[in-house]
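Q: I'd like to go over a predicted model; first the sequence, then the structure.
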Amino acid sequence: MYVDALRKDYPSIEEVWLLGPRVNEEPDRGGGWDLLAFADEGALDAIRANSAVHRSNLHLSIVIDGDRFESAWGAPRTGRLSSIRWRVEDLHSATYVKDGAARATAVRVR
């Protein structure tokens with residue numbers, strides 16, 4: 001599995017969450033996957049430099065300081081968990097506010 005290989009290659013990745021349409025029964029916008037990983041800036045830099053792990057159908061953001069996240073490749077996207085009101089509900093689920101809409105769900109995959 002992609003996430004297992006990613007965590008093996010980048011051991012500072014603490015956890016990975018799946019978010020977006022695949023979790024929230026939204027209309028599928030091209031079949032992509034949205035992952036949010038908690039790691040450090042070193043892992044973000046290494047992933048950016050390793051095009052072998054980049055996927056056109058996957059968007060990976062890395063939380064690098066407990067709050068700030070950045071996209072690992074592709075169009076630069078940045079943000080803060082605090083600005084999307086990220087809230088871990090239990091070991092397997094979290095919620096967040098997407099684009100000012102209702103709370104959406106994320107599921108922990110590792």
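A: Perfect, I can see it now.
Q: Only C-alpha atoms from now on, for both contacts and neighbour counts.
A: Will do.
Q: element containing the closest residue to Gly20 other than its chain neighbours?
A: Nearest non-adjacent residue to Gly20, counting by CA to CA, 6 or more residues apart in numbering: Asp34, 5.9 Å away. Secondary structure from DSSP states H and E places Asp34 in strand 33-38.
Q: what residues are up against the spatially most central residue of the chain?
A: Nearest to the geometric centre of the chain sits Leu36, at 1.2 Å (CA atoms, centre = their mean). By CA atoms under 8 Å, 6 or more residues apart in numbering, the contact set of Leu36 is 16-19, 60-63.
Q: quick one: the one helix or strand Val3 maps to to chain centroid distance?
A: Assigned by DSSP H and E, Val3 belongs to helix 2-9. Centre-to-centre, helix 2-9 and its host chain are 14 Å apart (CA atoms, centre = their mean, to the nearest Å).
Q: follow-up on the earlier one: does the residue nearest to Gly20 have beta-bridge partners, and which?
A: Listed by DSSP bridges, the beta-bridge partners for Asp34 are Leu19, His59.
Q: Turn the contacts of Leu36 into TSV, including distance to Arg80, pLDDT and neighbour count.
A: Output for the contacts of Leu36, formatted as TSV (distance: CA to CA, whole Å; pLDDT from 0 to 100; neighbours: other CA atoms under 10 Å):
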residue	distance to Arg80	pLDDT	neighbour count
Val16	16	97	24
Trp17	15	97	21
Leu18	17	94	21
Leu19	15	92	21
Leu60	15	97	23
Ser61	11	97	25
Ile62	11	98	25
Val63	8	98	24
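Q: which one of those residues is nearest Leu81?
A: Nearest to Leu81, judged by CA to CA, of the contacts of Leu36 is Val63 at 8.3 Å.
Q: What sits closest to that closest one if chain neighbours are left out?
A: Phe69 (4.0 Å).
Q: The one you found: which element?
A: Using DSSP H and E, the element containing Phe69 is strand 68-71.
Q: number of nearby residues for the residue nearest to Val63?
A: Residues lying near Phe69 (other CA atoms under 10 Å) number 24.
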